[in-house]
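[1] Following is a predicted model, sequence given first.
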2 protein chains.
Amino acid sequence: MKNTSKQKTTPIDTPAPLVVIGTVAIDSVETPFGKRDRVFGGSASYFSYAASFFNSVALVANVGNDFPAEYRQILEERKINLGHLETTPGKTFYWKGKYGLDLNSAQTLDTQLNVLKDFNPKVHFKQSPRYLFLANIDPQLQISILDQLAQPRPDFVACDTMNFWIHTKKKELLHVLARVDCVVMNDGEAREFTGESNLVRAGQKIRELGPAHVVIKKGEHGVLLFSEHHFFALPAYPLEAVFDPTGAGDTFAGGMMGYLAASKSVKFEALKRAIAYGSVVASFTVEDFGLDSLRRIKRKDIDERLELFRKISSF
Amino acid sequence: MKNTSKQKTTPIDTPAPLVVIGTVAIDSVETPFGKRDRVFGGSASYFSYAASFFNSVALVANVGNDFPAEYRQILEERKINLGHLETTPGKTFYWKGKYGLDLNSAQTLDTQLNVLKDFNPKVHFKQSPRYLFLANIDPQLQISILDQLAQPRPDFVACDTMNFWIHTKKKELLHVLARVDCVVMNDGEAREFTGESNLVRAGQKIRELGPAHVVIKKGEHGVLLFSEHHFFALPAYPLEAVFDPTGAGDTFAGGMMGYLAASKSVKFEALKRAIAYGSVVASFTVEDFGLDSLRRIKRKDIDERLELFRKISSF
């Protein structure tokens, strides 16, 4: 593996229509079906790879100088804008996890933040991106990104989060929620965050904190979308075998935001289709380790599965 | 409450298009939202009440001579055929249960089988009903009913079961499954029965045991339907408050079978709509204790909710 040396961040002059801020990581993953060491991972990697099937996308993240050139190439092949992928001395963020038989939640075996500790992105957009996704990072960084956005603000800002921030930075997370158009959470997080066991009430409670749209991901049980006057429920695309759930949530968000950006809409009907597309992309992701499955498919595979999905979920 | 004395079973000369065999019970139920003593319950009661919105239905069950005339009247008002509701000396089947905050599973506080111990129904249909539902009773009784059916057999026989029979009478249950067209199980039962944590595989495994159609109910997460060349996934109708889950599964089955019998079809498209109707009826059931909610609604309320359901679950 070739190391890349410290790179200066290149300002993205033309506003990227879709930008994701998150992590690029090296993952070691064990599932009941196998084990992979040091595969390409991270929320921004998964997100941007998924979004690239639909729309051009720029990634804001940092890596260490151990980051393999092969992994950079995977993103370049998808024409993902890496002008804000900063390389700093040190090691790339590393995560090691293990999934049990139910595959619903990972047990973290090792987390080495490495260069992520110093991640404090300065974005140099002359104009704000029209669509922005704040992937699962420290809510303080999410706020800092929002503070840096030039006017006019994006048409649609969505964010992700996780239990760790709900526990340790709830106040900051509430500030983020007050400023985004959409939040994507999983069901366990939504329940924990609101103290509501009923997900319909949990979704409504989160909406009251600011976001016009709340997306609750339920894994094998599908997705719920809450908006002011609308509601949408979608089952999951049925899979006989989930091989590796890593990246499912990030590629769901990538498919969703990629489709929205491509449709140049933030209307509810577009959001519904965006969520269906996100579900389909995530269904491919979990069929193999890391990005392996997404690297084998083309946009037409996604569209074909979407049509099948529509057929098996309508009456 | 007036007691009715021992009644002779009246043969149903004209074949009922839809028949359910199950229990009629007195339930005491406690949920986080309240408590009701000795309300009208039982799988056959709930099923037939729900089915009666769609089609005429006959009930095969037994009660003790303590069975309140008011409860019989509730069924009579819906024109449910009670020719096979046998009254025998003794007390009616009694169940007492309590639901915790998650409302997903009941804790049984007391079960008094009473006259149910002697339930061994002899059905006197000159012709088999076209649609037959074997509600959750001893698989040996389900087999006995199947043995009594005159030729030609029904167009569609479906059955329910529960963990208790999976544990204690698996062999008999397998015999039942080999002879029915459809089985309705909840997700926990399907997982336990097959040893498969993945519900898609669990559904397929159950299909291999005989039933052409397998329905897996997932409570707040909706329903899955497995058929030979088709699959259908439906989210749950979204409810902010589930008041009392008792009877949800039985009224789901009643709505499903009632719609099927009315549509005179066993085709997959009819089954999909039947499952959507079943879900909608169950969504009303859980909004109040016992049959209270269903007793307030009319068929048009079900149809209106079905249309809303279609809207919020299609993209």
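    Noted; the coordinates are in hand.

[2] Now the helix or strand hosting residue A:46: average pLDDT?
    Element membership of residue A:46, judged by DSSP states H and E, is helix A:43-51. Averaging pLDDT along helix A:43-51 gives 98.

[3] got the contact list for it?
    With C-beta atoms under 8 Å, 6 or more residues apart in numbering or on different chains as the test, helix A:43-51 has contacts from A:18, A:20-25, A:57-61, A:71, A:74-75, A:78, A:80, A:133, A:135-137, A:160, A:247, A:250-255, A:257-258, A:261, A:278, A:281-282, A:285, A:291, A:294. From N, CA and C alone the C-beta is placed, and that goes for glycine too.

[4] burial count for whichever residue of the stretch 51-200 of chain A sits closest to chain B?
    Nearest residue of the stretch 51-200 of chain A to chain B: residue A:200, at 4.7 Å (C-beta to the nearest C-beta). Neighbourhood size, residue A:200 [other C-beta atoms under 10 Å in any protein chain shown]: 21.

[5] neighbouring contacts of the helix or strand hosting it?
    Residue A:200 is part of helix A:199-207, with elements assigned from DSSP H and E. Contacts with helix A:199-207, where a contact means C-beta under 8 Å, 6+ apart, come from A:177, A:183, A:185, A:187, A:190-191, A:193-194, A:196, A:213-214, A:216, A:218, A:224, A:226-228, B:220, B:238-241.

[6] what sits opposite residue A:108 in the beta ladder?
    For residue A:108, the beta-bridge partners are residue A:97 (DSSP bridges).

[7] residues contacting it?
    Neighbours of residue A:108 in contact, by C-beta under 8 Å, 6+ apart: A:95, A:96, A:97.

[8] Distance check, it against residue A:94.
    11 Å (C-beta to C-beta, to the nearest Å).

[9] Also residue A:29?
    Residue A:29 is 12 Å from residue A:94, by C-beta to C-beta.

[10] which one of these two has more residues nearby?
    Per other C-beta under 10 Å, whichever of residue A:29 and residue A:94 has more neighbours is residue A:29, with 24 against 19.

[11] Tell me which residues touch that one, please.
    Contacts of residue A:29 by C-beta under 8 Å, 6+ apart are A:35, A:36, A:39, A:41, A:96, A:97, A:98, A:99, A:244, A:246, A:289, A:290.

[12] thinking the last one is in contact with residue A:25, fair?
    No - the pair residue A:290 and residue A:25 does not pass the contact test of C-beta atoms under 8 Å, sitting 10.6 Å apart.

[13] Identify the contacts common to these two.
    residue A:41.

[14] Of those two, which one has the most company?
    Neighbours of residue A:290 and residue A:25, each counted by other C-beta under 10 Å, are more numerous for residue A:25; the result is 26 against 20.

[15] So what sits opposite that one in the bridge?
    As assigned using DSSP bridges, the partners bridged with residue A:25 are residue A:41.

[16] State the mean pLDDT of stretch A:92-109.
    Rounded mean pLDDT across stretch A:92-109 is 88.

[17] Let's see the pLDDT reported for the closest residue in space to residue A:123 that isn't next to it in sequence.
    Spatial nearest neighbour of residue A:123, chain neighbours left out: residue A:148 (5.3 Å); criterion: C-beta to C-beta, 6 or more residues apart in numbering or on different chains. Predicted confidence (pLDDT) for residue A:148: 93.

[18] Appreciated, that's everything.
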